[in-house]
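Asks: Quick one, what's the 3D model for this:
(chains A and B)
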2 protein chains.
Amino acid sequence: MARIKRMERVVALTKELIDSPYELFPFAFFCEKFTVAKSTLSEDVQAVRNGLAAYDLGVIETVAGASGGVRFIPYHTADADYKFLTKLANKMSDPERILPGCMIYMNDLIFTPYIAMRLGEIIMQRSLDLKPNYIMTVETKGIPLALFVARAFNVPMVMARREARITEGPAVSINYVSGSTKQIQSMSLPKKALPAGARVLIIDDFMKAGGTAKGMQKITTEVGAIVVGTGVLIATKEPIKKMVDEYFSLLTLKDVDEEMCKIDISPVLI
Amino acid sequence: MARIKRMERVVALTKELIDSPYELFPFAFFCEKFTVAKSTLSEDVQAVRNGLAAYDLGVIETVAGASGGVRFIPYHTADADYKFLTKLANKMSDPERILPGCMIYMNDLIFTPYIAMRLGEIIMQRSLDLKPNYIMTVETKGIPLALFVARAFNVPMVMARREARITEGPAVSINYVSGSTKQIQSMSLPKKALPAGARVLIIDDFMKAGGTAKGMQKITTEVGAIVVGTGVLIATKEPIKKMVDEYFSLLTLKDVDEEMCKIDISPVLI
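Replies: Residues are numbered from 1 along each chain as shown, chains lettered A, B, ... in the order given. As a prediction, the model looks like this:
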């Protein structure tokens, strides 16, 4: 019976940790929840760590000291990530996806939860050092990705709008030049959305010239927050010089040839 | 050593099941992955079931037969859901959230991943019988909720736009009358988004008169899909008669009193 009980506890511990990625749970939280001593909890944590590690399902990190605890980080091996991105790139290369104007239809992929979730975890892993406490995007298609990056980091997501809304209160608005069309566009962010000094990771689904990313950077600094990084799912190879200096992308779109029905897209090697 | 190994396996099994809620994994999938006999796997599944049940963390369902398997369903007890919704309603009642025109600022809540995730699970649980295979919303604020409902059901999300976009190909557009403002609005859905006969659960963050929900229902049937249900996070009490006949909501907004700085919002009893 005691053995069954330990197993049940380890299952519950696994679930709790996985459900809140990146959240540092004080040891006392679980000791109380499971009414076990810290030494027993340490053994349980070790079991979760070993189980996840054995099948490349993520990492358990323990932080020592008074403000310490245990947390789950949804890591995967670089090899597994590369395979996932290659498979995604292959799906995106389907000529049926080509739309007039060399656009690619990909809503079905980026709105599929398990794909968006894994992409969010990959971006989290690649931008760990940036230590963001907010993830920001602009409506609309970047939202699923941004939301799952936010989930992987266990921080809130904020969203800029194309225009201010009455349901969002006082807002800061900026104008920016779209890099591709050279048109002046505007973007608006509720004042309540970001506290001053927030560390913001900007996320979007697609970057061509980088005008929108630049707009997001501008509006972030405009409200007194700090841009710690900018990441996109897909960046086009051309123009090589983007309007933002620093960014990373998971995939590079080299070419969409409407006539030849060919899409050339592949994972970025890191 | 054998005991440690079983523990590791059960941890990995827990993680795999939880990561893909509602997905029916054939027993053979895990037998192969963990190189165990079906009888051993059954014991492991039982351990996961007991562990989750002991702490109200969800349900493990096994389906017998050739097309059978095992899946995780992110159930919670009605009591736990009610507590969660009450806490959320209390947060939403903060007078600081009142905006001009009796609007409530709530982006910070609905864009916080763990809140949106739990709400998605509650909606899944309450609409299990509807058996949707697509979740649909209209941009923008309903997206996080719709995405997490889609995740809980393990189905794709589709999104209608306020206007057709060049990156989404041929689209069906409709006009509808906003129930609150009586203005004619339009909504557009890519033709590729929904196959004919798809069973669609419509999700949105907020319903007042129900005009937008009606528009979503109309565009869904317009592309040959079937509306199996309509669910929103918050429905206002007034008008009692909405423009859609059937819908459900998690919270009822009875009143926003700008002058008295009072918001009256509470969970719907089921």
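Asks: Excluding chain neighbours, what is closest to residue A:80?
Replies: Leaving aside its chain neighbours, residue A:80 sits nearest to residue A:56 (5.9 Å; criterion: C-beta to C-beta, 6 or more residues apart in numbering or on different chains). (Glycine included, C-beta is placed from N, CA and C.)
Asks: Relative to residue B:28, how far out is the one you found?
Replies: 21 Å (C-beta to C-beta, to the nearest Å).
Asks: mind listing the strands for chain A?
Replies: Using DSSP state E, the strands of chain A run over residues A:59-63, A:69-73, A:98-99, A:103-104, A:134-138, A:157-160, A:171-177, A:184-190, A:199-207, A:226-236, A:248-257, A:262-267.
Asks: Domains in chain A, by residue range?
Replies: For chain A, automatic domain parsing gives the domain ranges A:2-73, A:78-267.
Asks: Now the terminal residues of the last one, how far apart.
Replies: What that stands for is domain A:78-267. Domain A:78-267 has an end-to-end distance of 12 Å (C-alpha to C-alpha, to the nearest Å).
Asks: try stretch A:89-99
Replies: Start-to-end, stretch A:89-99 (C-alpha to C-alpha) is 17 Å.
Asks: cool, and stretch A:92-108?
Replies: Across stretch A:92-108, the terminal residues are separated by 10 Å (C-alpha to C-alpha).
Asks: same check, this time on stretch A:171-191
Replies: Stretch A:171-191: ends 5 Å apart by C-alpha to C-alpha.
Asks: what do you get for stretch A:144-164?
Replies: Span of stretch A:144-164 from end to end, C-alpha to C-alpha: 21 Å.
Asks: burial count for residue A:90?
Replies: Look at residue A:90: counted by other C-beta atoms under 10 Å in any protein chain shown, it has 11 neighbours.
Asks: Sorry, slip of the keys, the one I care about is residue A:131.
Replies: With other C-beta under 10 Å as criterion, residue A:131 counts 12.
Asks: so what's it up against?
Replies: A:199, A:228 (C-beta atoms under 8 Å, 6 or more residues apart in numbering or on different chains).
Asks: swap in residue A:107?
Replies: A:141, B:158-159, B:168, B:190, B:192-193.
Asks: Looking at these, state which has the most neighbours.
Replies: residue B:193 leads the contacts of residue A:107 on contacts (other C-beta under 10 Å) with 26 neighbours.
Asks: Kindly provide the distance from it to residue A:88.
Replies: Using C-beta to C-beta, residue B:193 is found at 19 Å from residue A:88.
Asks: Can you tell me how far the nearest residue to residue A:209 once chain neighbours are set aside is from residue B:253?
Replies: Nearest residue to residue A:209, sequence neighbours excluded (C-beta to C-beta, 6+ apart): residue A:179, at 2.3 Å. In this structure, residue A:179 and residue B:253 are 41 Å apart, going by C-beta to C-beta.
Asks: Over to residue A:269?
Replies: With the distance defined as C-beta to C-beta, residue A:269 ends up 51 Å from residue B:253.
Asks: ok, these two, which is more surrounded?
Replies: residue B:253 (24 against 7).
Asks: I figured the more buried one was touching residue B:237, is that so?
Replies: Yes: counting by C-beta atoms under 8 Å, residue B:253 touches residue B:237, with 6.6 Å between them.
Asks: Now for these two: what residues contact both?
Replies: With contacts defined as C-beta under 8 Å, 6+ apart, no residue is shared by residue B:253 and residue B:237.
Asks: and the residue lying closest to residue A:105 once chain neighbours are set aside, what does it touch?
Replies: Sequence neighbours aside, residue A:97 is the residue nearest to residue A:105 in space, at 4.8 Å (criterion: C-beta to C-beta, 6+ apart). Counting by C-beta under 8 Å, 6+ apart, residue A:97 touches A:104-106, A:263.
Asks: rerun at 10 Å
Replies: A:91, A:103-106, A:108-109, A:256, A:261, A:263, B:169, B:192 (C-beta atoms under 10 Å, 6 or more residues apart in numbering or on different chains).
Asks: could you flag which of those are buried?
Replies: Neighbour-count burial (16 or more other C-beta atoms under 10 Å in any protein chain shown) applied to the contacts of residue A:97 gives A:103-106, A:108-109, A:256, A:263, B:169, B:192.
Asks: Same list, those residues, but as CSV with distance to residue B:131 please.
Replies: Output for the buried ones among the contacts of residue A:97, formatted as CSV (distance: C-beta to C-beta, whole Å):
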residue, distance to residue B:131
A:103, 34
A:104, 32
A:105, 27
A:106, 27
A:108, 20
A:109, 24
A:256, 38
A:263, 35
B:169, 28
B:192, 23
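Asks: can you list those in JSON lines and add pLDDT and distance to residue A:154?
Replies: JSON lines is the format used below for those (pLDDT from 0 to 100; distance: C-beta to C-beta, whole Å):
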{"residue": "A:103", "pLDDT": "85", "distance to residue A:154": "34"}
{"residue": "A:104", "pLDDT": "90", "distance to residue A:154": "31"}
{"residue": "A:105", "pLDDT": "91", "distance to residue A:154": "32"}
{"residue": "A:106", "pLDDT": "92", "distance to residue A:154": "27"}
{"residue": "A:108", "pLDDT": "93", "distance to residue A:154": "28"}
{"residue": "A:109", "pLDDT": "96", "distance to residue A:154": "25"}
{"residue": "A:256", "pLDDT": "85", "distance to residue A:154": "36"}
{"residue": "A:263", "pLDDT": "91", "distance to residue A:154": "35"}
{"residue": "B:169", "pLDDT": "82", "distance to residue A:154": "36"}
{"residue": "B:192", "pLDDT": "86", "distance to residue A:154": "34"}
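Asks: Nearest to residue A:12 among these?
Replies: residue A:109 (33.7 Å; C-beta to C-beta).
Asks: right, is stretch A:83-96 up against chain B?
Replies: Yes: applying C-beta under 10 Å from any C-beta of the partner chain, one finds stretch A:83-96 touching chain B at residue A:96.
Asks: give me every residue that touches residue A:152.
Replies: A:21-22, A:73-75, A:117-125, A:127-128, A:135, B:113.
Asks: Distance check, it against residue A:252.
Replies: 22 Å.
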